[in-house]
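1. A structural model of the following input is requested.
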Amino acid sequence: MAKLTKPQAKAHAQACDLLTKPILTEDDKDFVLKNWNEGANHVNGAAGAFFTPYDMAFDFTIDAIGQGGYSGRIIDLCAGIGMLSYACWHRSHQKARITCVERNPDYLAVGQKILPEAEWILADVLDVLDMDLGRFGVAISNPPFGAIKRDKNSPRYSGKDFEFHVIDIAAHLADSGAFIVPQMSAGFSYSGKPCYERQKDGKAVRFQELTGLHFAAGCGIDTNFYINDWKGVSPMCEIMCVEFRQEEEVALHVVAPATIAAPANDNRPVQFSLFGDAA
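-> Residues are numbered from 1 along each chain as shown. The predicted structure follows:
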(Lines give C-alpha, C1' and ligand atoms only; values in the text may rest on other atoms or scores of the structure.)
Protein backbone atom coordinates (compact mmCIF):
# COMPACT_ATOMS: atom_id res chain seq x y z
CA MET A 1 0.00 0.00 0.00
CA ALA A 2 1.17 3.49 -0.79
CA LYS A 3 1.49 6.19 1.85
CA LEU A 4 -0.95 8.87 0.79
CA THR A 5 -0.54 12.55 1.53
CA LYS A 6 -3.15 14.11 3.78
CA PRO A 7 -4.99 15.73 0.83
CA GLN A 8 -4.92 12.41 -1.08
CA ALA A 9 -6.22 10.49 1.94
CA LYS A 10 -8.99 13.03 2.49
CA ALA A 11 -10.04 12.93 -1.17
CA HIS A 12 -9.94 9.12 -1.20
CA ALA A 13 -12.17 9.01 1.88
CA GLN A 14 -14.63 11.39 0.19
CA ALA A 15 -14.64 9.14 -2.87
CA CYS A 16 -15.35 6.11 -0.67
CA ASP A 17 -18.28 7.97 0.91
CA LEU A 18 -19.71 8.73 -2.51
CA LEU A 19 -19.47 5.07 -3.45
CA THR A 20 -21.92 4.18 -0.66
CA LYS A 21 -24.66 5.92 -2.66
CA PRO A 22 -26.84 3.53 -4.68
CA ILE A 23 -26.56 5.68 -7.82
CA LEU A 24 -23.82 8.19 -8.59
CA THR A 25 -24.30 11.47 -10.43
CA GLU A 26 -21.90 12.37 -13.21
CA ASP A 27 -20.17 14.79 -10.83
CA ASP A 28 -19.82 11.95 -8.31
CA LYS A 29 -18.29 9.70 -10.95
CA ASP A 30 -15.81 12.36 -12.02
CA PHE A 31 -14.75 12.88 -8.40
CA VAL A 32 -14.30 9.15 -7.80
CA LEU A 33 -12.32 8.65 -11.00
CA LYS A 34 -9.98 11.49 -10.11
CA ASN A 35 -9.59 10.79 -6.38
CA TRP A 36 -10.23 7.12 -5.55
CA ASN A 37 -6.65 5.99 -4.98
CA GLU A 38 -5.67 2.52 -6.14
CA GLY A 39 -2.75 2.52 -3.70
CA ALA A 40 -4.81 3.21 -0.57
CA ASN A 41 -5.58 -0.43 0.24
CA HIS A 42 -3.63 -2.41 -2.35
CA VAL A 43 0.03 -3.07 -3.09
CA ASN A 44 -0.47 -1.99 -6.67
CA GLY A 45 3.24 -1.88 -7.48
CA ALA A 46 3.43 -5.69 -7.45
CA ALA A 47 0.27 -5.91 -9.57
CA GLY A 48 1.35 -3.11 -11.90
CA ALA A 49 -2.06 -1.50 -11.38
CA PHE A 50 -1.90 2.24 -11.97
CA PHE A 51 -5.00 4.02 -13.23
CA THR A 52 -4.90 6.26 -16.30
CA PRO A 53 -5.06 10.01 -15.58
CA TYR A 54 -8.56 11.35 -16.22
CA ASP A 55 -7.75 13.82 -19.02
CA MET A 56 -5.36 11.40 -20.71
CA ALA A 57 -8.16 8.81 -20.82
CA PHE A 58 -10.35 11.18 -22.83
CA ASP A 59 -7.47 11.92 -25.22
CA PHE A 60 -6.99 8.14 -25.54
CA THR A 61 -10.51 7.74 -26.90
CA ILE A 62 -9.62 9.69 -30.05
CA ASP A 63 -7.26 6.87 -31.04
CA ALA A 64 -9.51 4.11 -29.72
CA ILE A 65 -12.86 5.02 -31.33
CA GLY A 66 -12.51 8.39 -33.03
CA GLN A 67 -14.70 11.40 -32.36
CA GLY A 68 -18.04 10.16 -33.73
CA GLY A 69 -20.78 8.12 -32.10
CA TYR A 70 -19.15 4.69 -32.18
CA SER A 71 -21.81 2.04 -31.59
CA GLY A 72 -19.79 -1.16 -31.82
CA ARG A 73 -18.54 -3.53 -29.15
CA ILE A 74 -15.56 -2.57 -26.98
CA ILE A 75 -13.67 -4.85 -24.61
CA ASP A 76 -11.58 -3.23 -21.86
CA LEU A 77 -8.91 -5.68 -20.70
CA CYS A 78 -7.53 -5.08 -17.19
CA ALA A 79 -10.20 -2.41 -16.81
CA GLY A 80 -9.41 -1.26 -13.26
CA ILE A 81 -12.28 0.98 -12.14
CA GLY A 82 -13.26 1.71 -15.72
CA MET A 83 -11.44 4.95 -16.51
CA LEU A 84 -10.88 4.16 -20.20
CA SER A 85 -14.34 2.64 -20.62
CA TYR A 86 -16.01 5.62 -18.97
CA ALA A 87 -14.22 7.96 -21.39
CA CYS A 88 -15.11 5.78 -24.40
CA TRP A 89 -18.73 5.59 -23.27
CA HIS A 90 -19.03 9.36 -23.30
CA ARG A 91 -16.98 9.79 -26.50
CA SER A 92 -19.35 7.35 -28.23
CA HIS A 93 -22.33 9.46 -27.16
CA GLN A 94 -23.38 6.55 -24.93
CA LYS A 95 -23.79 4.23 -27.91
CA ALA A 96 -20.88 1.80 -27.46
CA ARG A 97 -21.50 -1.64 -26.00
CA ILE A 98 -18.70 -2.17 -23.48
CA THR A 99 -17.40 -5.26 -21.69
CA CYS A 100 -14.91 -4.71 -18.85
CA VAL A 101 -12.64 -7.48 -17.59
CA GLU A 102 -10.95 -6.96 -14.21
CA ARG A 103 -9.45 -9.47 -11.76
CA ASN A 104 -9.48 -7.28 -8.61
CA PRO A 105 -12.96 -7.45 -7.00
CA ASP A 106 -12.49 -4.10 -5.22
CA TYR A 107 -11.70 -2.34 -8.48
CA LEU A 108 -14.61 -4.07 -10.20
CA ALA A 109 -17.05 -3.01 -7.47
CA VAL A 110 -16.05 0.64 -7.98
CA GLY A 111 -16.24 0.25 -11.75
CA GLN A 112 -19.79 -1.07 -11.58
CA LYS A 113 -20.79 2.18 -9.86
CA ILE A 114 -18.85 4.29 -12.37
CA LEU A 115 -20.18 2.57 -15.50
CA PRO A 116 -23.20 0.37 -14.71
CA GLU A 117 -24.04 0.38 -18.43
CA ALA A 118 -21.06 -1.92 -19.11
CA GLU A 119 -20.91 -5.66 -18.65
CA TRP A 120 -18.39 -6.31 -15.87
CA ILE A 121 -16.56 -9.65 -15.69
CA LEU A 122 -14.45 -10.65 -12.68
CA ALA A 123 -11.67 -12.64 -14.30
CA ASP A 124 -7.98 -12.86 -15.10
CA VAL A 125 -7.27 -11.42 -18.54
CA LEU A 126 -5.36 -14.59 -19.44
CA ASP A 127 -8.60 -16.59 -19.11
CA VAL A 128 -10.66 -14.38 -21.43
CA LEU A 129 -10.13 -16.44 -24.59
CA ASP A 130 -11.86 -19.40 -22.90
CA MET A 131 -15.04 -17.40 -22.20
CA ASP A 132 -16.62 -17.34 -25.66
CA LEU A 133 -17.32 -13.60 -25.49
CA GLY A 134 -17.65 -13.18 -29.24
CA ARG A 135 -16.02 -10.62 -31.51
CA PHE A 136 -15.37 -6.99 -30.61
CA GLY A 137 -14.76 -4.00 -32.81
CA VAL A 138 -12.16 -2.50 -30.47
CA ALA A 139 -9.99 -3.73 -27.61
CA ILE A 140 -8.66 -1.13 -25.16
CA SER A 141 -6.31 -1.46 -22.22
CA ASN A 142 -3.94 0.22 -19.84
CA PRO A 143 -2.45 -3.13 -18.82
CA PRO A 144 -0.01 -3.83 -15.99
CA PHE A 145 3.48 -3.00 -17.22
CA GLY A 146 6.48 -5.31 -17.16
CA ALA A 147 7.19 -8.59 -15.38
CA ILE A 148 3.89 -9.18 -13.57
CA LYS A 149 3.31 -12.60 -12.00
CA ARG A 150 0.98 -14.76 -14.08
CA ASP A 151 -0.17 -18.37 -14.22
CA LYS A 152 -0.02 -18.89 -18.00
CA ASN A 153 0.86 -17.26 -21.29
CA SER A 154 -1.06 -15.71 -24.16
CA PRO A 155 -1.37 -17.77 -27.36
CA ARG A 156 1.85 -16.65 -29.06
CA TYR A 157 3.94 -14.81 -26.50
CA SER A 158 5.77 -16.38 -23.56
CA GLY A 159 8.02 -13.52 -22.47
CA LYS A 160 7.97 -11.56 -19.22
CA ASP A 161 6.29 -8.32 -20.31
CA PHE A 162 2.63 -8.46 -19.34
CA GLU A 163 1.55 -5.75 -21.76
CA PHE A 164 2.46 -8.00 -24.71
CA HIS A 165 0.36 -10.85 -23.31
CA VAL A 166 -2.63 -8.49 -23.20
CA ILE A 167 -2.03 -7.26 -26.76
CA ASP A 168 -1.72 -10.84 -28.02
CA ILE A 169 -5.03 -11.76 -26.34
CA ALA A 170 -6.68 -8.65 -27.80
CA ALA A 171 -5.55 -9.70 -31.28
CA HIS A 172 -7.72 -12.82 -30.95
CA LEU A 173 -10.79 -10.86 -29.81
CA ALA A 174 -11.03 -7.59 -31.72
CA ASP A 175 -10.67 -5.94 -35.12
CA SER A 176 -8.46 -3.16 -33.73
CA GLY A 177 -6.89 -2.10 -30.47
CA ALA A 178 -5.59 0.91 -28.58
CA PHE A 179 -3.24 0.46 -25.65
CA ILE A 180 -1.27 2.49 -23.13
CA VAL A 181 2.16 0.88 -22.87
CA PRO A 182 5.64 1.82 -21.67
CA GLN A 183 7.50 3.78 -24.34
CA MET A 184 10.03 0.98 -24.76
CA SER A 185 7.15 -1.40 -25.57
CA ALA A 186 5.46 0.86 -28.13
CA GLY A 187 7.56 0.26 -31.23
CA PHE A 188 8.08 4.01 -31.55
CA SER A 189 9.13 6.97 -29.44
CA TYR A 190 7.10 10.18 -29.55
CA SER A 191 6.06 11.38 -26.09
CA GLY A 192 8.58 13.74 -24.54
CA LYS A 193 10.73 13.60 -27.70
CA PRO A 194 11.55 16.33 -30.22
CA CYS A 195 10.14 14.18 -33.04
CA TYR A 196 8.52 10.82 -33.83
CA GLU A 197 10.93 7.93 -34.37
CA ARG A 198 10.42 4.20 -35.03
CA GLN A 199 12.31 1.86 -32.75
CA LYS A 200 14.81 -0.18 -34.77
CA ASP A 201 15.39 -2.94 -32.24
CA GLY A 202 14.30 -4.05 -28.80
CA LYS A 203 11.42 -6.05 -27.35
CA ALA A 204 8.62 -4.21 -29.18
CA VAL A 205 10.26 -4.87 -32.53
CA ARG A 206 10.73 -8.54 -31.65
CA PHE A 207 7.09 -8.88 -30.58
CA GLN A 208 5.86 -7.31 -33.84
CA GLU A 209 8.07 -9.68 -35.82
CA LEU A 210 6.73 -12.64 -33.81
CA THR A 211 3.06 -11.76 -34.35
CA GLY A 212 3.06 -9.89 -37.66
CA LEU A 213 1.38 -6.92 -35.96
CA HIS A 214 2.32 -3.31 -36.64
CA PHE A 215 2.30 -0.82 -33.76
CA ALA A 216 1.24 2.68 -34.81
CA ALA A 217 1.12 6.04 -33.04
CA GLY A 218 -2.45 7.00 -33.91
CA CYS A 219 -3.11 10.74 -34.01
CA GLY A 220 0.05 11.49 -31.98
CA ILE A 221 -0.78 12.21 -28.34
CA ASP A 222 2.19 13.30 -26.22
CA THR A 223 1.56 11.49 -22.93
CA ASN A 224 4.45 13.38 -21.33
CA PHE A 225 1.92 16.16 -20.79
CA TYR A 226 0.25 13.93 -18.16
CA ILE A 227 3.34 12.36 -16.62
CA ASN A 228 2.78 14.05 -13.25
CA ASP A 229 -0.94 13.21 -13.13
CA TRP A 230 -0.53 9.51 -12.34
CA LYS A 231 -0.92 8.33 -8.74
CA GLY A 232 2.33 7.04 -7.24
CA VAL A 233 4.25 6.70 -10.52
CA SER A 234 5.42 8.84 -13.44
CA PRO A 235 5.69 6.46 -16.40
CA MET A 236 6.87 7.54 -19.81
CA CYS A 237 4.36 5.75 -22.00
CA GLU A 238 2.72 5.87 -25.41
CA ILE A 239 -0.78 5.40 -26.77
CA MET A 240 -0.27 2.64 -29.34
CA CYS A 241 -2.76 1.47 -31.98
CA VAL A 242 -2.98 -1.84 -33.86
CA GLU A 243 -5.18 -3.02 -36.72
CA PHE A 244 -5.79 -6.70 -36.03
CA ARG A 245 -8.08 -7.36 -39.03
CA GLN A 246 -5.15 -7.33 -41.43
CA GLU A 247 -3.47 -10.16 -39.55
CA GLU A 248 -6.72 -12.16 -39.67
CA GLU A 249 -7.01 -11.65 -43.43
CA VAL A 250 -3.53 -13.08 -43.87
CA ALA A 251 -4.51 -16.17 -41.88
CA LEU A 252 -7.59 -16.64 -44.09
CA HIS A 253 -5.54 -16.14 -47.29
CA VAL A 254 -7.84 -13.30 -48.34
CA VAL A 255 -4.80 -11.22 -49.26
CA ALA A 256 -1.15 -11.88 -49.85
CA PRO A 257 0.82 -11.73 -46.57
CA ALA A 258 3.60 -9.67 -48.12
CA THR A 259 1.18 -6.80 -48.75
CA ILE A 260 -0.22 -6.61 -45.22
CA ALA A 261 2.16 -6.13 -42.33
CA ALA A 262 4.72 -3.37 -42.55
CA PRO A 263 8.07 -4.35 -41.03
CA ALA A 264 8.21 -3.68 -37.30
CA ASN A 265 10.75 -0.90 -37.75
CA ASP A 266 9.24 0.62 -40.91
CA ASN A 267 7.95 4.19 -40.81
CA ARG A 268 5.61 3.68 -43.76
CA PRO A 269 1.86 3.24 -43.24
CA VAL A 270 0.46 -0.26 -43.71
CA GLN A 271 -1.08 -0.76 -47.16
CA PHE A 272 -2.92 -3.71 -48.59
CA SER A 273 -5.03 -4.77 -51.54
CA LEU A 274 -7.88 -7.24 -51.67
CA PHE A 275 -6.45 -8.49 -54.98
CA GLY A 276 -3.07 -9.43 -53.58
CA ASP A 277 -1.10 -6.62 -55.21
CA ALA A 278 0.66 -3.82 -53.38
CA ALA A 279 -1.64 -0.83 -53.01
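2. Show me where the stretch 1-150 of the chain has its helices.
-> 6-18, 26-35, 44-47, 54-65, 83-91, 105-114 (DSSP state H, counting those that start in this stretch).
3. now do the stretch 151-279 of the chain
-> In the stretch 151-279 of the chain, the helices defined using DSSP H, counting those that start in this stretch lie at 162-171, 203-211, 245-251.
4. now the first one, how far from the centre of its chain.
-> Think helix 162-171. 10 Å (C-alpha atoms, centre = their mean, to the nearest Å).
5. Now Ala40: closest residue in space, sequence neighbours ignored.
-> His12 (5.0 Å; C-beta to C-beta, 6 or more residues apart in numbering). No exception for glycine: its C-beta is placed from N, CA and C like everyone else's.
6. circling back: pick the most buried one from the helices of the stretch 1-150 of the chain.
-> Mean neighbours per residue, mean count of other C-beta atoms under 10 Å, is largest over the helices of the stretch 1-150 of the chain for helix 83-91, with a mean of 24.
7. Give me the helices and strands touching that helix, please.
-> Secondary-structure packing of helix 83-91 (3 or more C-beta pairs under 8 Å, 6 or more residues apart in numbering; DSSP states H and E): helix 26-35, helix 54-65, strand 73-77, strand 97-102, strand 136-141.
8. Just send the helices of the stretch 151-279 of the chain back as TSV, with distance to Tyr196 too.
-> Listed next are these as TSV, based on distance: least, C-beta to C-beta, whole Å:
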stretch	distance to Tyr196
helix 162-171	20
helix 203-211	14
helix 245-251	21
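9. okay, those helices in TSV with mean neighbour count next?
-> Converted to TSV, the helices of the stretch 151-279 of the chain look like this (neighbours: other C-beta atoms under 10 Å):
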stretch	mean neighbour count
helix 162-171	25
helix 203-211	19
helix 245-251	16
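10. out of those, which comes closest to Ser234?
-> Smallest distance to Ser234 across the helices of the stretch 151-279 of the chain (C-beta to C-beta): 17.5 Å, for helix 162-171.
11. Contacts for the closest one next, please.
-> Residues from elsewhere that reach helix 162-171 (C-beta atoms under 8 Å, 6 or more residues apart in numbering): 48, 75, 77-78, 125-126, 128-129, 139, 141, 143-148, 150, 153-157, 177, 179, 181-182, 185, 203, 207, 211, 213, 242, 244, 247.
12. Out of these, which sit inside strands?
-> Per DSSP state E, strands hold the following members of the contacts of helix 162-171: Ile75, Leu77, Ala139, Ser141, Gly177, Phe179, Val181, Pro182, Val242.
13. Now do the same contact list for the residue nearest to Ala87 when sequence neighbours are not counted.
-> Leaving out its chain neighbours, the residue that sits closest to Ala87 by C-beta to C-beta, 6+ apart is Ala57, at 4.1 Å. Ala57 is in contact with Met83, Leu84, Tyr86, Ala87, counting by C-beta under 8 Å, 6+ apart.
14. Could you rerun that using 7 Å?
-> By C-beta atoms under 7 Å, 6 or more residues apart in numbering, the contact set of Ala57 is Met83, Leu84, Ala87.
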